[in-house]
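Asker: predicted model and sequence below, questions to follow.
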Amino acid sequence: AMTNLAKNILEEKGYKVTLKNADVAPIFAAVAGGDADVFMDTWMPVTHKTYMETFGDKVTVLNTNFDSARIGLVVPDYVTIRSIEELNANKAKFGGNVVGIDAGAGIMTKAEDAIREYNLDYQLQSSSEAAMMATLKKNIDEKLPVVVTGWAPHFMFSRYKLRFLEDPKKIFGETERLQTIANNDFVSRDTVAVNFFRKFKLNSEQLGSLMGAMADADGKEDAAIKQWIKDNAAVVASWN
């Protein structure tokens with residue numbers, strides 16, 4: 001959502017913007033190597049720590065664009081357990097599965113750590129985000145227990161009543177920051193775009209409304225973003 005918002009605003013400034021979709025590891029390699037300029041979805045200090053340790057000297061952190069992010073294991077509100085520690089005792093209810101996303105995602109690495117550290121007798125299922133969301137919807141529609149890898153911000157929290165399972169061992173960390181990183185050469189080459197990215201920041205209410213608009217756009221994401229820009233003109237003006 002933030003990437004598409006930035007694209008629209010930069011295009012209004014006269015830029016030609018190309019969006020590239022990839023798993024996290026190739027994204028960091030692309031930004032570090034100059035095949036991409038900017039990545040707005042770096043989760044720190046936990047989720048993407050290993051990637052920043054690998055590529056950090058070739059990228060520049062421009063700013064924190066959202067400071068209330070978190071990851072963890074998520075369940076529907078009708079599920080009775082409250083903590084990851086209770087999962088083993090309720091294995092039969094959940095079928096012994098944690099429904100995940102792409103295998104290369106940072107949250108999947110942390111989910112594997114959680115399974116090991118909590119000695120969970122569970123399988124972590126890798127799939128796409130869309131497949132995970134479809135499984136979540138199906139189980140909620142049937143009021144069945146399900147546990148998924150979840151993160152906030154995400155439109156799943158505006159669509160369903162969900163909560164994070166408590167994580168006493170802090171395997172998933174606590175609140176995380178979403179940072180915008182850029183290729184080092186790009187930072188010195190394009191001061192106008194860099195200054196825009198340095199100012200770009202959203203709070204929970206703003207990002208929630210943007211993600212909700214995107215999720216409900218039904219193929220008309222650009223129109224939804226342009227309407228959001230109109231509705232939040234003062235915020236957008238503060239980034240210019």
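Answerer: Thanks, I have it.
Asker: check whether T60 really touches T180, as I assumed.
Answerer: No: using CB atoms under 8 Å, T60 is not in contact with T180, being 9.4 Å away. Bear in mind the C-beta positions are built from the backbone N, C-alpha and C, glycine included.
Asker: who's more crowded, the two?
Answerer: T180 (25 against 18; other CB atoms under 10 Å).
Asker: check contacts around that one.
Answerer: Contacts for T180 (CB atoms under 8 Å, 6 or more residues apart in numbering) come out as 38-40, 42, 61-65, 197, 200.
Asker: in this structure, mark out all the helices, start to finish.
Answerer: Here the chain has its helices, by DSSP state H, at 2-12, 24-33, 49-55, 91-94, 106-117, 129-141, 156-159, 184-189, 191-199, 204-215, 221-231, 233-237.
Asker: closest to Y78 out of those?
Answerer: When these are compared for distance to Y78 using CB to CB, the nearest one is helix 129-141, at 8.4 Å.
Asker: which neighbouring elements make contact with the closest one?
Answerer: Using 3 or more CB pairs under 8 Å, 6 or more residues apart in numbering; DSSP states H and E, the elements in contact with helix 129-141 are strand 59-76, strand 97-99, strand 148-152.
Asker: of all those, which lies closest to S158?
Answerer: Per CB to CB, nearest to S158 of the helices and strands packed on helix 129-141: strand 148-152, 10.3 Å.
Asker: run the angle between the closest one and helix 204-215 for me.
Answerer: Per axes from the mean of the first three to the mean of the last three CA atoms, to 10 degrees, the angle that strand 148-152 makes with helix 204-215 is 120 degrees.
Asker: so which elements touch strand 148-152?
Answerer: The contact analysis (3+ CB pairs under 8 Å, 6+ apart) places strand 148-152 against strand 59-76, strand 97-99, helix 106-117, helix 129-141.
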